[in-house]
Structures are given as structure tokens and as C-alpha cells.
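Q: build me a model:
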Amino acid sequence: MHSANGTCLRPAYISPEMEGTMKSGAAEVPWEKELEERAHRIHIMACKVAIVAVPAFFITDIFIAPDHWLEFLIYRLIIAAVAAGLLLLRRWINIWDTMLVFIPFTLISLLNAYMWSTMDVSGLQMHSFSYMALFLAGGMLLLWRSHYIIKVVILSLAFNVLTFYLFSSLSFSDIMSNGGALTLAVAIFSVVLMENRYRTSKDEIISRLLLKKSNILIEKKNKEILDSITYAKRIQEAILPSDLLFDQYLPNAWVYYRPKDIVAGDFYWLEKKGPYIFVAVADCTGHGVPGAMVSVVCSNALNRAVNELDLVEPSQILDSTREIVIETFAKSNKEVADGMDIAFCRIDTEARTLVFSGAHSSLYHITPHMGDIAEKEIADDVKKLVEYKGDKQPIGSFIEARPFSQKIIQLTKGDQFFMTSDGFPDQFGGNLGKKFYYKPMKKLFLKISKDTLQQQKSKVEEVLLEWMGEKEQVDDICMMGILIQ
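A: Numbers count the residues shown, from 1 in each chain. Model (predicted):
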């Protein structure tokens with residue numbers, strides 16, 4: 001099979017950057033093979049068209065050259081037979097696809113030149129359209145290099161000169177003014193057209209193959225990144241308390257955890273030390289991989305404050321956690337404004353107290369008599385849910401940083417507590433596409449406080465999904481409910 005060659009020109013739609021990629025990558029993609037396959041299909045089709053169309057055009061010869069139509073029909077049948085023979089025997093004679101069309105094309109051009117020489121001025125004018133159509137069709141359809149059609153034009157010109165000298169009674173000016181000049185111009189234009197088609201086809205194939213290659217590389221990189229993030233999820237899950245730990249120390253609790261991405265900036269935390277159960281819901285800066293990295297730093301800071309520094313007061317634990325987080329980020333020699341918001345509780349199982357300290361996060365408390373509210377009254381009785389607000393400062397670098405405060409709550413059987421990150425109230429949804437907001441969330445807490453723990457978690461998810469509808473989750477969501485027995 002004939003191997004196509006040629007330099008690569010940049011079409012108007014390709015940027016300079018892409019041009020550089022094409023030049024450097026053209027040798028790396030099998031564009032020659034695909035171009036040859038495309039040319040093969042086109043040339044086979046063109047040869048079949050020639051077999052049918054060339055003899056069929058004898059009908060026009062009857063009107064243009066009535067005295068010679070039978071002679072022209074014989075020549076046309078010979079050309080069709082040559083094209084058919086080349087098509088049938090191409091595998092045995094190992095002929096190039098280019099020659100499969102080049103030979104019939106050249107014969108048709110020579111036939112047109114001879115036909116011109118036998119016609120008067122009117123016939124010359126009418127047959128010029130056929131001559132021009134041949135060159136235009138070649139320039140628009142065939143995938144040749146320009147030197148092939150240049151050869152056809154030169155042969156046709158030479159044969160025209162010869163046949164007009166031998167057979168025509170017309171003068172040179174008659175020939176040129178009645179279709180010769182225009183046909184020559186079209187023939188020259190077809191050279192440019194064919195070269196442009198070849199190079200455009202080549203550039204399109206190279207661009208597509210390079211894009212396909214780039215997509216494969218992108219897919220490979222995406223898979224590697226996804227695999228890395230999935231593995232990072234396993235690491236992050238290691239810092240989250242297990243279900244077994246909750247069953248052991250805080251069995252009457254539920255956690256609804258819904259990361260926006262594979263990994264999250266939100267996390268929940270549980271630790272047991274003596275008579276104290278420490279539990280928290282935290283929301284670190286960002287989400288996805290950046291948020292997950294911050295969550296690891298902040299979770300580690302909580303562990304150090306409780307286990308290494310032996311702190312038990314929630315306010316002191318948050319003060320120390322803030323110092324550790326700031327110190328950790330300061331090691332980078334770059335200003336880092338990351339940190340976390342947190343609702344932090346210490347439950348004393350012996351003294352029956354809960355101590356709360358928070359950073360930009362609240363604790364929502366419902367006592368047994370508060371939860372016993374008819375559904376129709378919820379809208380008017382949100383005030384019966386007590387909100388303990390955290391301090392208006394984060395765990396992290398803050399200009400007006402001050403010691404965290406804490407609140408002591410005496411526990412009674414049936415008390416319920418809820419902690420949440422801002423992902424739930426900030427989620428967009430509903431008919432108007434607005435945020436869920438905190439007030440409806442408090443109503444939801446009151447409404448579900450009469451249900452079992454499993455029902456509470458299920459209803460939280462049900463309400464969230466119904467609210468979101470088709471909208472995208474905007475942030476990580478972490479919510480916890482605790483029932484005191």
C-alpha cells in the first residue's frame with residue numbers, strides 16, 4: 001500500500017501550543033496508517049463511481065457531439081473496463097490505491113482533451129463544464145498529494161495541444177475564450193484544493209490521535225489520582241471512631257456522615273478517659289483532599305490534648321488543640337489560615353453532667369418535656385429547644401483569639417443532644433433553590449426527638465435528599481444525635 005508523506009500545516013483552529021504538541025507528537029501517533037485507510041476507502045469508492053458514471057455520460061455526448069457519440073462511448077467503455085480491471089485485480093497486481101484512481105482519472109482527462117478537439121465552439125463551451133467538474137471533483141474528494149494532479153494537468157495540457165494541432169480547426173484564441181482558460185484555471189485551483197484537503201485530513205487525524213492519546217493518559221492519571229484518594233479515604237477512616245467504639249462507650253448515639261467527595265474535611269471524634277466520654281463533631285476548612293488533610297492535623301491535635309497533655313476540661317482541650325494546630329501549620333514557613341469549627345462535649349457518666357465547648361458551632365439540647373410537642377405546634381415552639389452556642393472563633397490562627405468558654409449541663413434521663421457541621425443547614429435545595437438554614441433544622445430536631453435513634457438518622461437523610469433533589473451537595477455533612485439513658 002502506498003505510504004502518504006508530507007509536512008504538517010497548522011489549521012486555523014489549532015493553537016500554537018497545540019501546533020507544538022502536534023510537531024513533537026506526530027511521529028508518535030500512527031497517522032500515516034489511518035490516512036492511508038481513509039484514502040483507500042475514498043479511492044475504492046471513486047473507482048466504482050468511475051466505472052458507472054463514465055459510460056453513463058455518453059448521454060450528454062449525444063447532444064454535445066452527435067457525430068462522435070458512438071466513438072466517445074467506445075472510449076468511455078474502455079476507461080470503465082480499465083477501472084474495473086484495476087479494481088478486481090488490485091490484490092494480485094499489488095497496485096497502489098493512489099494509482100487505482102490516478103490511471104482512470106488521467107484517461108478521462110485525456111479523453112476530454114480529445115473530445116474538445118473534435119468539437120465546434122458551442123460544443124467546446126458545453127463540454128468545458130464536464131472538464132472542470134472532473135478537476136473540481138478530484139480536488140474536493142481525492143486524497144492525493146498535489147504532485148499527482150499536477151501530473152494529470154500537465155499530461156492533459158500536453159494532450160490538448162497535440163489533439164488541437166492534429167484535429168481541431170479552431171484557433172488558440174477560440175479555444176482559450178470558449179472554456180480553455182477557465183478550465184486551466186480550475187485545474188490549477190484543483191491542485192491547491194487537493195493539497196489543502198490532504199494536509200487538512202492529515203492534521204485532523206494527527207489532532208484526533210493526539211487527543212485520544214492524551215485522553216488515555218488523562219484517564220490513567222485520573223485512575224491513579226482516584227486510587228490515591230480512595231486509599232486516603234481508608235487512612236481518614238482510621239481516624240474516625242469505629243462503630244465498635246460507639247457501641248462500647250456511647251451506644252445511644254447515631255452519626256450521619258456524608259462527605260461531599262470521597263474524603264472530607266468534616267469528621268467526628270470519640271475518646272474515653274476515666275469516667276469521661278469525649279465526643280465531638282468537627283468541620284475543617286475546605287472539603288475533599290485539602291479538607292481531609294486538615295482534618296488529620298486537627299484530629300491528631302485533639303488526641304494529643306487529651307492523651308498526651310491529660311487535659312479533661314473541654315475549654316482547655318480546645319485551647320491546647322488550637323495551639324497545636326497553629327504550631328503544626330507554622331512549620332511550613334508559609335501563612336496557613338486553615339483550621340476547624342467544632343462542637344466538643346465531655347459526658348461524665350458518674351456525675352451525670354455534660355460540659356460543652358465550641359468553636360463557631362452549637363450544641364442543641366432537647367429535654368424530655370420539650371420533645372413531647374405535637375407536630376402542629378413545632379413552628380411555635382422552636383424556643384423550647386435550647387441552643388448552646390460556641391465561641392465565635394475557630395480552632396486555628398485568629399487575630400482576636402481568646403480562651404474558649406464552656407457550659408455545664410446537668411443531665412436527666414431522656415435528654416437528647418444534637419451536633420452538626422454547617423453542611424446540612426447550608427445545603428441548597430427546595431423549589432426556590434435556597435439554603436435549608438438553621439431554624440428549619442431546629443424544627444427537624446424537635447420533630448425527630450420522639451423517634452428511635454435509627455429512625456432519627458433515617459429521617460435526617462430522608463429530609464436532606466428530598467431537599468436537595470437534583471442539586472449538587474455543596475459541602476461535607478456530619479451530624480450526631482445522642483440520647484441520655
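
Q: which parts of the helix or strand hosting residue 298 are buried?
A: Secondary structure assigned from DSSP states H and E places residue 298 in helix 288-303. Applying a neighbour-count criterion of 16 or more other C-beta atoms under 10 Å, one finds 288-289, 291-299, 301-302 buried in helix 288-303. Glycine gets a C-beta too; all of them are placed from N, C-alpha and C.

Q: got a pLDDT number for residue 331?
A: Predicted confidence (pLDDT) for residue 331: 75.

Q: now do it against residue 325, distance only.
A: Using C-beta to C-beta, to the nearest Å, residue 331 is found at 11 Å from residue 325.

Q: higher neighbour count, those two?
A: Neighbours per residue, other C-beta atoms under 10 Å: of residue 331 and residue 325, the larger number sits with residue 325, 25 against 8.

Q: now the phi/psi pair for that one, please.
A: Backbone geometry at residue 325, expressed as degrees, to the nearest 10, gives phi -60, psi -50.

Q: check residue 68 too.
A: Dihedral angles (degrees, to the nearest 10) for residue 68: phi -130, psi 10.

Q: and it, what does it touch?
A: 61, 115, 118 (C-beta atoms under 8 Å, 6 or more residues apart in numbering).

Q: try 10 Å
A: Taking C-beta atoms under 10 Å, 6 or more residues apart in numbering, we find residue 68 in contact with 61-62, 75, 114-115, 118-119, 123.

Q: distance from stretch 232-247 to the middle of the chain?
A: Its chain's average C-alpha position is 32 Å from that of stretch 232-247, according to C-alpha atoms, centre = their mean, to the nearest Å.

Q: start to end distance for that stretch?
A: Counting by C-alpha to C-alpha, to the nearest Å, you get 25 Å between the two ends of stretch 232-247.

Q: buried set for that stretch?
A: Applying 16+ other C-beta under 10 Å to stretch 232-247 flags 232-233, 236, 239-241, 246 as buried.

Q: can you redo those residues as CSV with pLDDT and secondary structure?
A: Output for these, formatted as CSV (pLDDT from 0 to 100; DSSP: H, G, I helix; E, B strand; the rest coil):
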residue, pLDDT, secondary structure
232, 82, helix
233, 85, helix
236, 83, helix
239, 84, helix
240, 93, coil
241, 93, coil
246, 95, helix
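
Q: any idea how far residue 366 is from residue 411?
A: From residue 366 across to residue 411, the span is 13 Å (C-beta to C-beta).

Q: okay, and the common contacts of the two?
A: Overlap between the contact sets of residue 366 and residue 411, as judged by C-beta under 10 Å, 6+ apart, is given by residue 417.

Q: quick one: buried ones out of the contacts of residue 68?
A: Among the contacts of residue 68, those classed as buried by neighbour count (16+ other C-beta under 10 Å) are 61, 75, 114-115, 118-119, 123.

Q: among the residues you listed, which ones are in helices?
A: Under the assignment DSSP state H, the buried ones among the contacts of residue 68 contribute 61, 75, 114-115, 123 to helices.

Q: ok so, going back, name the nearest of the buried residues of stretch 232-247 relative to residue 190.
A: Lowest distance from residue 190 to these (C-beta to C-beta) belongs to residue 232, with 61.0 Å.

Q: which ones are touching the closest one?
A: If you count contacts by C-beta under 10 Å, 6+ apart, residue 232 has them with 262-263, 288-289, 292-293, 296.

Q: now those as a markdown table including distance to residue 179 and pLDDT?
A: Output for those, formatted as a markdown table (distance: C-beta to C-beta, whole Å; pLDDT from 0 to 100):
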| residue | distance to residue 179 | pLDDT |
| --- | --- | --- |
| 262 | 72 | 87 |
| 263 | 75 | 86 |
| 288 | 71 | 80 |
| 289 | 72 | 84 |
| 292 | 77 | 86 |
| 293 | 78 | 87 |
| 296 | 83 | 90 |
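
Q: okay then, goodbye and thanks.
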